[in-house]
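>>> Give me the fold of what follows.
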Amino acid sequence: MTDKEIDLLLSWAVAEIIDKDKLIFELKTGKILRIKHGIDPTTPDLHLGHSVVYHKLRSFQELGHKIIILMGDFTARFGDPTGKLTARTFRTKTEVRKQSSRYKKQLGKILELKKIEFRYNSEWYDKMALDEFLRIIGNFTIHQMLERNMFQERIKNKKPILIPELIYPILQGYDSVMLKADIAVVGQDQLFNEIQARTLQPLYGQKPQAILATPLLIGLDGKQKMSQSLKNYIGITENADEMYGKTMSIPDALISHYFRLATKLPDEKIAKIENGVETKTLNPMEAKKLLAYEIVKTLHGENRARKAEKFFRETFQKKQLPSELKPLKIKKFSSLFEIIAEQKIFSRTELRRLFKQRAVEFNESVVSDINFAVNVSGVAKIGKKRFFRLEIF
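Numbering: from 1, shown residues only. Sure thing, here's the model as predicted:
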């Protein structure tokens, strides 16, 4: 690799690098690096915040390096305490494995799955002897683990800290030993956990891994990091129209942030857009359209991006019905609630909330009655972005 290529790889969407000199040296020698990224499958879907790391992994993958995706199917049973001000709930092995299979398919949106080495940390933890486990954690102190801000906050508020939460970073570090990782690529919030590997690896005759940390993507609320639990996220498997619409909803102040972390546009193009917004020669709305198009194109392809753009223009700017709205055939006096629930786009709980909040319309009339029966053909609007053409047969 040339110095220019290395500089781009290690500067684009990078917050911090531990042992940067070692990493640059190994990249220049042409060594095929073993690159670790761990995922605890604790939620149903991956989101755009995760994609910042996956785009970086894709860059390494395209250079011929070995990407190792570690599914934390053991550690996810009690969960990573990072950023949590309350103790995590425990999960069963079956629950975690089910989520793992969902994640693999989603990763294929960005990474070449056939070139990935998938591993599970239950491979070693499920059969580890107690004395070996004690030797591993014996290299660390309670005081080291309690340095973390969220633990200090819990102590201050007299909230419990469970022993497994203190051990979690050590186990994440030991994963790197088992994988013989040369580098870990993670979000910035995982730095503390991955640093623990640098203590353990030399004890097993390995060089300490370098660590590349990407910035955290701010969520749609413009305040906190993107998270499913905060409901401020864009799922990477959401349909193209939803993805485009959600991107259009971000605060103007985040336009540059999203361009630099959630797209792969060249720096000079992003700089031009930023300058246009700053000098008011480019309307922020138009900048967000460009952003939404790029995000949808990356995850769904150019054809779907064009259609999502058209859908947004017709539905939200011209206040027209989407031109490609497919009809749903229904029987007369069918329950509107059940019709929409059967589409499995909204959970039944979420759908009840939308009815209660008067966010459901049929033929441009608000429907708040959950027992409303459809007796004529027409169009149902659910929330701001979902339309259904209903035809009685």
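>>> the bottom helix or strand of the chain by mean pLDDT?
When each helix and strand of the chain is scored by mean pLDDT, DSSP states H and E, helix 93-107 comes last, with a mean of 79.
>>> Need the residues that contact that one.
For helix 93-107, contacts defined as Cβ atoms under 8 Å, 6 or more residues apart in numbering pick out 39, 41-46, 54, 69, 71, 73, 76-77, 113, 116, 118, 120, 122, 236-237. Quick note: C-beta positions are derived from backbone N, CA and C, even for glycine.
>>> Whichever helix or strand comes after that helix to helix 93-107, inter-axis angle?
Toward the C-terminus, helix 93-107 is succeeded by strand 116-120 as the next helix or strand (DSSP states H and E). Per axes from the mean of the first three to the mean of the last three Cα atoms, to 10 degrees, the angle that strand 116-120 makes with helix 93-107 is 170 degrees.
>>> immediately after strand 116-120, which helix or strand?
Per DSSP H and E, the first helix or strand lying C-terminal to strand 116-120 is helix 122-125.
>>> For PyMOL, write the selection for the buried entries among the contacts of helix 93-107.
Here is the PyMOL selection string for the buried members of those, based on 16 or more other Cβ atoms under 10 Å:
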select buried, resi 39+41+42+46+54+69+71+73+76+77+116+120+122+236
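>>> which residues does residue 380 contact?
By Cβ under 8 Å, 6+ apart, the contact list for residue 380 reads 336, 339-340, 360-362, 374, 387-388, 390.
>>> re earlier: of all the residues in the least confident helix or strand of the chain, which ones are buried?
Neighbour-count burial for helix 93-107 flags 96, 99-100, 103-104, 106-107 (criterion: 16+ other Cβ under 10 Å).
>>> next helix or strand past the one helix or strand residue 258 maps to?
Residue 258 belongs to helix 255-262 when assigned by DSSP H and E. Once the chain leaves helix 255-262, the next helix or strand it forms, by DSSP H and E, is helix 267-278.
>>> buried stuff in that next one?
Across helix 267-278, burial judged by 16+ other Cβ under 10 Å covers 270, 273-274, 276-277.
>>> Between those, which sits nearest residue 299?
Within the buried residues of helix 267-278, the smallest distance to residue 299 is 18.4 Å, found for residue 270 (Cβ to Cβ).
>>> Could you list which of the contacts of helix 93-107 belong to helices?
Mapping those onto helices (DSSP state H) picks out 54, 122.
>>> Of the contacts of helix 93-107, which belong to strands?
Among those, the residues falling in strands (DSSP state E) are 39, 69, 71, 116, 118, 120.
>>> Columns distance to residue 350 and pLDDT on top of those residues, output as a markdown table?
Below are those laid out as a markdown table (distance: Cβ to Cβ, whole Å; pLDDT from 0 to 100):
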| residue | distance to residue 350 | pLDDT |
| --- | --- | --- |
| 39 | 26 | 90 |
| 69 | 31 | 96 |
| 71 | 28 | 92 |
| 116 | 33 | 96 |
| 118 | 32 | 95 |
| 120 | 32 | 93 |
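>>> so which strand or helix has residue 211?
Going by DSSP H and E, residue 211 is in strand 210-214.
>>> swap that for residue 312, please
Here residue 312, judged by DSSP H and E, is contained in helix 302-312.
>>> Identify each buried residue in that helix, please.
304-305, 307-309, 311-312.
>>> Distance to residue 160 for the residues you listed - can I get that in JSON lines?
Shown next, in JSON lines, are these (distance: Cβ to Cβ, whole Å):
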{"residue": "304", "distance to residue 160": "47"}
{"residue": "305", "distance to residue 160": "47"}
{"residue": "307", "distance to residue 160": "50"}
{"residue": "308", "distance to residue 160": "45"}
{"residue": "309", "distance to residue 160": "49"}
{"residue": "311", "distance to residue 160": "48"}
{"residue": "312", "distance to residue 160": "46"}
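>>> Can you give me the neighbour number for residue 235?
Other residues within reach of residue 235, judged by other Cβ atoms under 10 Å, total 19.
>>> and if you look at residue 162?
Residues within reach of residue 162, counting by other Cβ under 10 Å, total 14.
>>> And for the one 4 residues further on?
Neighbour count for residue 166, taken as other Cβ under 10 Å: 18.
>>> now the helix or strand harbouring it and strand 210-214, what's the angle there?
Assigned by DSSP H and E, residue 166 falls within helix 163-179. Angle of helix 163-179 versus strand 210-214, following the same axes, to 10 degrees, is 120 degrees.
>>> what pLDDT, on average, does helix 163-179 get?
Averaged across helix 163-179, pLDDT comes to 94.
>>> Pull that helix out as PDB, backbone CA atoms only.
Written as PDB, here are the backbone C-alpha positions of helix 163-179 (Å, rounded to 0.1, in the frame of the first residue of the first chain):
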ATOM      1  CA  ILE A 163     -19.900  -9.300  39.000                       C
ATOM      2  CA  PRO A 164     -20.400 -10.500  35.400                       C
ATOM      3  CA  GLU A 165     -20.400  -6.900  34.300                       C
ATOM      4  CA  LEU A 166     -17.000  -6.300  35.800                       C
ATOM      5  CA  ILE A 167     -15.700  -9.500  34.100                       C
ATOM      6  CA  TYR A 168     -17.200  -8.700  30.600                       C
ATOM      7  CA  PRO A 169     -14.300  -6.500  29.300                       C
ATOM      8  CA  ILE A 170     -11.800  -9.200  30.300                       C
ATOM      9  CA  LEU A 171     -13.700 -11.900  28.400                       C
ATOM     10  CA  GLN A 172     -13.900  -9.600  25.400                       C
ATOM     11  CA  GLY A 173     -10.100  -9.200  25.600                       C
ATOM     12  CA  TYR A 174      -9.500 -12.900  25.900                       C
ATOM     13  CA  ASP A 175     -11.600 -13.400  22.700                       C
ATOM     14  CA  SER A 176      -8.700 -11.700  20.800                       C
ATOM     15  CA  VAL A 177      -6.300 -14.300  22.300                       C
ATOM     16  CA  MET A 178      -8.400 -17.100  20.900                       C
ATOM     17  CA  LEU A 179      -8.700 -15.400  17.500                       C
END
